[in-house]
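Engineer: Model the structure of this input:
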Amino acid sequence: MIRILLAEDDDVMREYLTRALERSGYAVTAVDRGTAALPLLEREAFDLLLTDIVMPEMDGIELAQKAAAMVPGLRVMFITGFAAVTLKAGGAMPQARVLSKPFHLRDLVMEVDRLFQVGEANGL
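Structural biologist: Residues are numbered from 1 along each chain as shown. Sure, this is the predicted structure:
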């Protein structure tokens, strides 16, 4: 089963995303900030880091960069409601996907599905 680590500081959004991904067959561990995600990355294996970019304590870009150093090959997808931040994310982690808010939960699941279909097709 594909394991997703979700870092999202908005309680309602975190709950909706978790529920939608779990209904689609993914195992989701959700945290409310980037600093809570790092210890989990040290202890557990995840296939995808799905993170909001704008969060307190540590933003999603910094989290993704630290996660990539800790877990080479970890897939990353950013979610954000800020267009300028989207450009920054693409420059900081060009291999990461960026999904801009607002989006439908169906779009999120399709992007995650696509991310893993591409990886499987490439033998990852």
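
Engineer: before we move on, what SS does the most centrally placed residue in the chain have?
Structural biologist: For the chain, the residue nearest the mean C-alpha position is L50 (0.8 Å; Cα atoms, centre = their mean). Here L50 is recorded as strand under DSSP: H, G, I helix; E, B strand; the rest coil.

Engineer: Now for the nearest residue to S24 once chain neighbours are set aside: which residues touch it?
Structural biologist: Residue nearest to S24 in three dimensions, not counting chain neighbours: V109, with 4.7 Å by Cβ to Cβ, 6 or more residues apart in numbering. C-betas here are computed from N, CA, C, even on glycine. For V109, the contact set (Cβ atoms under 8 Å, 6 or more residues apart in numbering) comprises A20, L21, S24.

Engineer: Nearest to F103 among these?
Structural biologist: Distance to F103, by Cβ to Cβ, is smallest for A20 among the contacts of V109, at 10.7 Å.

Engineer: The closest one and V76, how far apart?
Structural biologist: 19 Å (Cβ to Cβ, to the nearest Å).

Engineer: For those two, indicate the residue with more neighbours.
Structural biologist: V76 (22 against 17; other Cβ atoms under 10 Å).

Engineer: The more buried one is in contact with Q65, isn't it?
Structural biologist: No. With contacts counted by Cβ atoms under 8 Å, V76 stays clear of Q65, the gap being 9.2 Å.

Engineer: Find the residues that touch each one of these two.
Structural biologist: What both V76 and Q65 touch, as defined by Cβ under 8 Å, 6+ apart, is the set M93.

Engineer: correct me, but L41 touches A67?
Structural biologist: Yes. With contact defined as Cβ under 8 Å, L41 counts as touching A67 (5.4 Å).

Engineer: Which neighbours do these two have in common?
Structural biologist: With Cβ under 8 Å, 6+ apart as the test, L41 and A67 both reach L49, L74.

Engineer: between those two, who's got more neighbours?
Structural biologist: For L41 versus A67, the count of surrounding residues by other Cβ under 10 Å is larger for A67: 24 against 17.

Engineer: so the more buried one is in which element?
Structural biologist: Using DSSP states H and E, A67 falls within helix 60-70.
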